[in-house]
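Asker: Using only what follows, build the 3D model:
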Amino acid sequence: MREEKQMKMGYLIKRFVPYFKKYKGILALDLVCASLTTLCELVFPMLVRYITDMGINNLAGLTVGIILKIALFYLVLRIIDAAANFYMADNGHVMGARIETDMRRDLFAHLETLSHAYYSEHKVGQIMARITSDLFDITEFAHHCPEEFFIAGVKIIASFIILCGVNVPLTVIMFASLPLIFLFVKFFNTRMRRAFKKQRNQIGEINSQVEDSLLGIRVVKSFANEDIEKQKFADGNAKFLDTKKLGYFYMAGFQTSNRAFEGVMYLIVVVAGALFMINGKINPADLTAYLLYVSTLLATLRTIIQFTEQFQRGMTGIERFLEIMDAPADIIEKPDAKELVDPRGDITFDNVGFHYSDDNSDVLSHINLNIKKGDSVALVGPSGGGKTTLCSLIPRFYDVTEGRILIDGTDIRDVTLSSLRNSVGVVQQDVYLFSGTVYDNISYGLPGADRAAVIEAAKRAGAHEFISELPKGYNTYVGERGVKLSGGQKQRISIARVFLKNPPILILDEATSALDNESERIVQESLEKLAKGRTVFTIAHRLTTIRNANLILVLTENGIEEQGTHKELIEKGGLYYDLYSMYSSL
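Answerer: Modelled structure (predicted):
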């Protein structure tokens, strides 16, 4: 996946804030608790100042009773602090986890709306990284971001007000150094975020490479190319290390600058405070309070600094989240779309044209067809002629760029996507079985179908016999992408899935081209049963299987070169005749 332009922080925050809406009560209470913990920290220096002042100026007045009252007051504050901190650590983190869950839900839901074109252009490993690891840091970010900045703001403002009441000049001198740290924060934050984004991108690349290698492990082993795959992984891993080094370089610079800043701030307060004390403008008790407040402020800044890495990781996760969320869904359902109810299967292509969004050259142009219910249409021709693309337009895997497609006289763009796609069954050459049981994969065709219907669909697909011979029958685990089954077995399960769905329109995309002769014969028999009474589009590789089609279309880069029945096209002696003769001679 290509690296996108860095988004502005204000835009990221603006897009992220709405996720707090559902949890505003928890957030409000979390900030109240943050205020209470901050109050405890701010009160302590004043108590020390009071006791020190009494000890210097009125030691006789510092009685045991006063000390015990101060101790009891502070004990109550610490109990409040403990309770508030427990709420923040527990419910605050749970709120963050819920926001992370909501974002992952929205991301997956949006991915489900994106077209085939999006997945053709983006690596699955990169997408997986964004939906999993990129959002891991959102829990900490969503919890600590408002909390830590709120606490820091309260401490800075409250400390400024309190200390101004003690000594304005020293307070101004102390706080005048704060803008310096903010300049360092801005400088290093921008670079840290850029480095963290590179890390995320490289993790996605590693995911893609690992997925590619492991899914193709049989090919890797058959060519004895394990060393090549190890080297590819080592190269990607080394690039990831380089991006981590860059991130840690900027983080080290950030932390070092802040440690130096802490020393300078202590030095300013000690030197200036000592000079003020010599000149009688501040007493030792006030100076002690100042030093404690400096410690409190610096502890807060250290917390913010430690949080900065988490903050930038969270911002990077939000940015990569939004890059997908902002990807437009090419196939959009109209707000007033109607259900396609009991479709017969009449299909009309009315001057249909199509080209991909990133390529203005037409894949299809001026396609006009009128297919009646129950007709069988075969598409043949060289690769790249648009056979699969034409069929993909029917269930709106892609949208036409000109003209329209009608089912039973209704433009398919005027009906809901679910009702349209429930009316179309697809059997592909590259069968995809989900990780699960045989039963799970067949019932996927009609979620909620009872066991009897699933078994009946398997029988009609010619799959029941081999399924019954499996170790656990219908409860047999098929493995990742069905690796425990043969090609013919997987194909029959996919046909059973379509039998269970029972759609009026059927698309067979070279469904038998990858099978051996015996498997092809069995699967072809199943397909013939499946095709009865349905409108069928067959993308044919083996031309002998489509001789009985009502209409054969010969597609090339120039569009529909020829159309007619098998007999008519053979008699014509054109391109179809040449293709059929070539195939028959094999």
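Asker: now Ile26, nearest residue through space, not along the chain?
Answerer: If the residues on either side of it in the chain are set aside, Ile26 comes closest to Met95, at 4.7 Å by CB to CB, 6 or more residues apart in numbering. Just so you know, the C-beta spots here come from the backbone N, C-alpha and C atoms, and that holds for glycine as well.
Asker: Over to Gly559?
Answerer: Closest residue to Gly559 in three dimensions, ignoring its sequence neighbours and counting by CB to CB, 6+ apart: Ser365, at 5.8 Å.
Asker: is it fair to say the one you found lies in a helix?
Answerer: No. Counting by DSSP: H, G, I helix; E, B strand; the rest coil, Ser365 is not found in a helix; it is strand.
Asker: wouldn't it be in contact with Gly353 here?
Answerer: Yes. Taking contacts as CB atoms under 8 Å, Ser365 lies within contact range of Gly353: 4.4 Å.
Asker: So for those two, which residues contact both of them?
Answerer: Both Ser365 and Gly353 are contacted by Glu402, under the criterion CB atoms under 8 Å, 6 or more residues apart in numbering.
Asker: Which one's more surrounded, these two?
Answerer: Ser365 (18 against 15; other CB atoms under 10 Å).
Asker: which residues does that one contact?
Answerer: When contacts are counted by CB under 8 Å, 6+ apart, Ser365 touches Gly353, Phe354, Glu402, Gly559.
Asker: so where is the protein shaky, pLDDT-wise?
Answerer: Applying pLDDT under 70 to the chain flags residues 1-6, 215, 218-219, 221-223, 305-306, 309, 358-359, 511-516, 519, 583-586.
Asker: the strands in it, which residues?
Answerer: 347-354, 364-371, 376-380, 402-407, 410-411, 424-428, 505-509, 535-539, 551-556, 559-564 (DSSP state E).
Asker: and the longest helix for this protein?
Answerer: helix 226-278 (DSSP state H).
Asker: Just list what that one packs against, helices and strands only.
Answerer: Here helix 226-278 touches helix 168-175, helix 178-215, helix 217-222, helix 284-325, going by 3 or more CB pairs under 8 Å, 6 or more residues apart in numbering; DSSP states H and E.
Asker: Mind giving me the packing neighbours of the second one?
Answerer: So that's helix 178-215. Using 3+ CB pairs under 8 Å, 6+ apart, the elements in contact with helix 178-215 are helix 124-131, helix 226-278, helix 284-325.
Asker: Just the residues contacting the first one, thanks.
Answerer: The list of residues contacting helix 124-131 from outside it, by CB under 8 Å, 6+ apart, reads 1, 104, 107-108, 111, 200-201, 203-212, 320-321, 323-324.
Asker: Just list the residues touching Ser35, thanks.
Answerer: Contact criterion CB under 8 Å, 6+ apart gives Phe150, Val154 as the residues in contact with Ser35.
Asker: Tell me the spacing between it and Arg15.
Answerer: As judged by CB to CB, to the nearest Å, Ser35 and Arg15 stand 27 Å apart.
Asker: go on, Thr410?
Answerer: When Thr410 is compared with Arg15 (using CB to CB), they lie 38 Å apart.
Asker: same thing with Phe354?
Answerer: 34 Å.
Asker: Compare the two (neighbour count), which wins?
Answerer: For the pair Phe354 and Arg15, the greater number of neighbours falls to Phe354 (20 against 16), based on other CB under 10 Å.
Asker: In contact with the residue lying closest to Ala129 once chain neighbours are set aside, which residues?
Answerer: Spatial nearest neighbour of Ala129, excluding adjacent residues (CB to CB, 6+ apart): Gly204 at 3.8 Å. Contacts for Gly204 (CB under 8 Å, 6+ apart) come out as Met1, Lys123, Gly125, Gln126, Ile127, Met128, Ala129, Arg130.
Asker: returning to what we had before: can you say which of the contacts of helix 124-131 are buried?
Answerer: Burial by neighbour count, 16 or more other CB atoms under 10 Å: within those this picks out 1, 104, 107, 111, 200-201, 203-209, 320-321, 323-324.
Asker: Distance check, Leu500 against Gly165.
Answerer: 78 Å.
Asker: same question, Arg396
Answerer: 70 Å.
Asker: Might you report the residue contacts of Pro284?
Answerer: Pro284 sits in contact with Thr52, Ile56, Met277, where contact means CB under 8 Å, 6+ apart.
Asker: Quick one: which of those is the most crowded by neighbours?
Answerer: Per-residue neighbour counts (other CB under 10 Å) across the contacts of Pro284 peak at Thr52, which has 18 neighbours.
Asker: wait, it sits on Leu291?
Answerer: No. Thr52 sits out of contact with Leu291 when judged by CB under 8 Å, with a separation of 11.0 Å.
Asker: If you tally nearby residues, what's the number for the nearest residue to Ala97 once chain neighbours are set aside?
Answerer: For Ala97, ignoring the flanking residues on the chain, the nearest one in space by CB to CB, 6+ apart is Thr139 at 4.7 Å. Thr139 is surrounded by 20 other residues when neighbours are defined as other CB under 10 Å.
Asker: ditto for Lys373
Answerer: Neighbouring residues of Lys373 were enumerated by other CB under 10 Å; the total is 15.
Asker: you'd agree Ile412 is up against Ile394?
Answerer: Yes. Applying CB under 8 Å as the test, Ile412 and Ile394 come out as touching, 7.4 Å apart.
Asker: shared neighbours, these two?
Answerer: Ile405.
Asker: Tell me if I'm right that Arg460 and Phe499 touch.
Answerer: Yes. The pair Arg460 / Phe499 is scored as a contact, 4.9 Å apart, by CB under 8 Å.
Asker: Export the contacts of Ser365 to CSV and append columns for distance to Met315.
Answerer: Converted to CSV, these look like this (distance: CB to CB, whole Å):
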residue, distance to Met315
Gly353, 43
Phe354, 40
Glu402, 43
Gly559, 50
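Asker: Determine which two of the residues you listed are furthest apart.
Answerer: Using CB to CB, the contacts of Ser365 span at most 13.1 Å, a distance reached by Glu402 and Gly559.
Asker: contacting residues for the nearest residue to Lys197 once chain neighbours are set aside?
Answerer: Nearest residue to Lys197 in three dimensions, chain neighbours excluded: Thr316, at 4.9 Å (CB to CB, 6+ apart). By CB under 8 Å, 6+ apart, the residues touching Thr316 are Asp134, Arg193, Phe196, Lys197, Gln199, Arg200.
Asker: Any figure for the gap between Thr316 and Phe196?
Answerer: When CB to CB is the yardstick, Thr316 and Phe196 sit 4 Å from each other.
Asker: And Thr63, by the same measure?
Answerer: Taken as CB to CB, the spacing of Thr63 relative to Phe196 amounts to 57 Å.
Asker: between these two, who's got more neighbours?
Answerer: Neighbours were tallied for Thr63 and for Phe196 using other CB under 10 Å; the higher tally belongs to Phe196 (25 against 10).
Asker: Confirm for me that the more buried one is in contact with Arg313.
Answerer: Yes. Counting by CB under 8 Å, Phe196 does reach Arg313; the two are 5.5 Å apart.
Asker: What is the neighbour count of Gly533?
Answerer: Taking other CB under 10 Å as the neighbour definition, Gly533 ends up with a count of 11.
Asker: Next: Arg451.
Answerer: Look at Arg451: counted by other CB under 10 Å, it has 10 neighbours.
Asker: Repeat that for the one 3 residues further on.
Answerer: Residues contacting Val454 under the criterion other CB under 10 Å number 23.
Asker: quick one: contacts for it?
Answerer: For Val454, the contact set (CB under 8 Å, 6+ apart) comprises Tyr439, Ile442, Ser443, Tyr474, Ala496, Leu500.
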